[in-house]
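> need coordinates for the following:
(2 chains)
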There are 2 protein chains.
Amino acid sequence: MKSITSRDNPLYKEFKQLATSSQARRKAGRTLLDGVHLCEAYFQHLGAPEYCIVAESSLNHAEVAAVLAQSEQQRTQCICLPDALYKALSQVEHGVGVMFIIATPTPEFPSALAASSVVLDNLQDPGNLGSILRSAAAAGIQNVFCSPGTAFAWSPKVMRAGMGAHFLLNIFENVDLPALLSNAKIPVLATSSHTRQTIYQSNLNQEVVWLFGHEGQGVSPELMSMATSTVTIPQQAAIESLNVAASAAICFFEQVRQQLATKTQ
Amino acid sequence: MKSITSRDNPLYKEFKQLATSSQARRKAGRTLLDGVHLCEAYFQHLGAPEYCIVAESSLNHAEVAAVLAQSEQQRTQCICLPDALYKALSQVEHGVGVMFIIATPTPEFPSALAASSVVLDNLQDPGNLGSILRSAAAAGIQNVFCSPGTAFAWSPKVMRAGMGAHFLLNIFENVDLPALLSNAKIPVLATSSHTRQTIYQSNLNQEVVWLFGHEGQGVSPELMSMATSTVTIPQQAAIESLNVAASAAICFFEQVRQQLATKTQ
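Numbers count the residues shown, from 1 in each chain, chains lettered A, B, ... in the order given. A predicted model of the protein is given here:
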């Protein structure tokens, strides 16, 4: 394990950039996983990271030590930082002092939209994006396509909310959604409160594309017109609005329910 | 309409306290609704606020002017503030410059737990709480009981995430949950990944109590032992974890689905 003690160390400066600049992360195609849970999930699903970084005071923390041992075993470069330098990289309050630097996965873009997918048009909130990724992975949906205006999926906030879901998904960013949807081989469903067909009346026991949009404005009219059908989640008239991540969870798991119902028939 | 131009005005100082201190809000039993949407929803469901406060530069904004006109018609005291003073009260970025001061509703505590309810044990995140309130209201569940450690439901962040759901619900805070649950007349359901019975196999076509807990630790063992049964949302083995607000939405709307299915039979 290597020790870095100076803020002027070139490698530390590189880490600092990745930690603080979304643009730097996008440009470098790398990001930072903060905390034991994300590091363990990465090991489990994707293997060895580029770097394992540990805060000096956490070296004896049992879970951190386990992550460190596994990293060394896999010949990952491990770096120990004084707590002050570590803290300047971490955005997790009361974190336990271990992080990975990883290359952002770059899955192969499919030639057509033929497997159950989530398509996100201009979704803004990192917490909502993380929750949607987590629900998609839990429901067994593997592909997520994000428009250029959507929050950056590999930002620390989204990863924290995603709780490891990122490593089970194929996430595509900056996608030309109209081009993607025009090449869909399966139904594209968008939720709307202006339609009568409920998700419960829709056949979800098949591969479908789920289209969700901006928290305030919803899906853009251009994309809405490309949906095969609009479906609604029946709600009390007085409120008629769900958080977009809540809507997505309800839709994904209605699909799970219909699939399970067929299996057990 | 009255104008206040000095930061030392006693009424302005009172507003400032409500805007910046959660403790002051709890103590005064009052809170602050920020933005046109919440103000309109309050009018629609609960009537006239105590004060309507407008930023000077927003007086000619059409939606703000409409809220102001309705407030004056209902003899609400309306107050105009210079933008700098208004901004010190508002936590909404790019807001449109209107807010209400209201008394936090104090619904009558039920003598027993007999109608569909949500019980929250130590839920931390304001965004999750707001989303759960919104989903509960949309699903037609009217009662929400929060433990002492749960986020304050009437904080500006929770209200923003709730999008007006607060005004359709009976929200009880600082509730002694063990005492409440020991007096339940209907099934109390808690989600767990350590159980086999799915929500889809459970009879939700009845009044039930939904019990959710802390984002990391879940429901406390003491309360868990008071649940009538534990149920699971079937998930992919590799992830097995949903955001608590996503879980709640899935449960509430499975209840809606089962209720609708019976109605249309």
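
> got the contact list for the nearest residue to residue A:219 once chain neighbours are set aside?
Computed as Cβ to Cβ, 6 or more residues apart in numbering or on different chains, the closest residue to residue A:219 that is not its neighbour in sequence is residue A:213, at 3.5 Å. C-beta: built from backbone N, CA, C; applies to glycine. Taking Cβ atoms under 8 Å, 6 or more residues apart in numbering or on different chains, we find residue A:213 in contact with A:120, A:121, A:122, A:123, A:190, A:219, A:220, A:223, A:244.

> I figured the first one hits residue A:148, correct?
Which is residue A:120. No - counting by Cβ atoms under 8 Å, residue A:120 does not reach residue A:148; the two are 10.9 Å apart.

> more neighbours, those two?
Neighbours were counted for residue A:120 and for residue A:148 using other Cβ atoms under 10 Å in any protein chain shown; residue A:120 has more, 29 against 11.

> quick one: the more buried one from residue A:173, how far?
For residue A:120, the distance to residue A:173 (Cβ to Cβ, to the nearest Å) stands at 10 Å.

> name the residues contacting each of the two.
Residues within reach of residue A:120 and of residue A:173 at once, by Cβ under 8 Å, 6+ apart, are A:146, A:150.

> near chain B, which residues of the stretch 101-250 of chain A?
A:127, A:130-131, A:134-135, A:137-140, A:161, A:163-165, A:168, A:198, A:200, A:233-236, A:238-243, A:245-250 (Cβ under 8 Å from any Cβ of the partner chain).

> which of those residues are buried?
Buried by 16 or more other Cβ atoms under 10 Å in any protein chain shown: A:127, A:130-131, A:134-135, A:137-140, A:161, A:163-165, A:168, A:200, A:233-236, A:239, A:241-243, A:245-250, out of these.

> give me phi/psi at the residue nearest to residue A:219?
With angles defined as degrees, to the nearest 10, residue A:213 sits at phi -130, psi -160.

> repeat for the one 5 residues further on
With angles defined as degrees, to the nearest 10, residue A:218 shows backbone torsions of phi 70, psi -160.

> partners of it in the sheet?
Bridge pairing for residue A:218 (DSSP bridges) gives the partners residue A:214.

> for whichever strand or helix holds residue A:256, name the packing helices and strands.
Using DSSP states H and E, the element containing residue A:256 is helix A:244-263. If contacts are counted by 3 or more Cβ pairs under 8 Å, 6 or more residues apart in numbering or on different chains; DSSP states H and E, helix A:244-263 sits against helix A:126-139, strand A:188-191, strand A:209-212, helix B:126-139, helix B:244-263.

> format the ones you listed as JSON lines; extra columns: distance to residue A:152.
Below are the helices and strands packed on helix A:244-263 laid out as JSON lines (distance: least, Cβ to Cβ, whole Å):
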{"stretch": "helix A:126-139", "distance to residue A:152": "8"}
{"stretch": "strand A:188-191", "distance to residue A:152": "23"}
{"stretch": "strand A:209-212", "distance to residue A:152": "17"}
{"stretch": "helix B:126-139", "distance to residue A:152": "18"}
{"stretch": "helix B:244-263", "distance to residue A:152": "21"}
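
> please name whichever of those is nearest to residue A:256.
helix A:126-139 (5.2 Å; Cβ to Cβ).

> what angle sits between that closest one and helix B:244-263?
60 degrees (axes from the mean of the first three to the mean of the last three Cα atoms, to 10 degrees).

> after helix A:126-139 comes which helix or strand?
Counting by DSSP H and E, the next helix or strand C-terminal to helix A:126-139 is strand A:143-146.

> which other residues reach that next one?
By Cβ under 8 Å, 6+ apart, the list of residues contacting strand A:143-146 from outside reads A:110, A:115-120, A:123, A:129, A:132-133, A:136, A:153, A:169-175, A:177, A:180.

> packing partners of the next helix or strand after it?
Using DSSP H and E, the helix or strand that follows strand A:143-146 in sequence is helix A:156-162. Secondary-structure packing of helix A:156-162 (3+ Cβ pairs under 8 Å, 6+ apart): strand A:30-34, helix A:126-139.

> compile these into JSON lines and extend it with columns for mean pLDDT and distance to residue A:43.
Converted to JSON lines, the helices and strands packed on helix A:156-162 look like this (pLDDT from 0 to 100; distance: least, Cβ to Cβ, whole Å):
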{"stretch": "strand A:30-34", "mean pLDDT": "94", "distance to residue A:43": "10"}
{"stretch": "helix A:126-139", "mean pLDDT": "97", "distance to residue A:43": "17"}
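
> residue A:12: which of these is closest?
Per Cβ to Cβ, nearest to residue A:12 of the helices and strands packed on helix A:156-162: strand A:30-34, 12.8 Å.

> same for the closest one, what does it pack against?
helix A:10-20, strand A:98-103, helix A:156-162.

> in TSV, list these along with mean pLDDT.
Putting the helices and strands packed on strand A:30-34 into TSV (pLDDT from 0 to 100) gives the following:
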stretch	mean pLDDT
helix A:10-20	96
strand A:98-103	96
helix A:156-162	92
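
> format these as TSV; extra columns: distance to residue A:66.
TSV is the format used below for the helices and strands packed on strand A:30-34 (distance: least, Cβ to Cβ, whole Å):
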stretch	distance to residue A:66
helix A:10-20	22
strand A:98-103	10
helix A:156-162	20
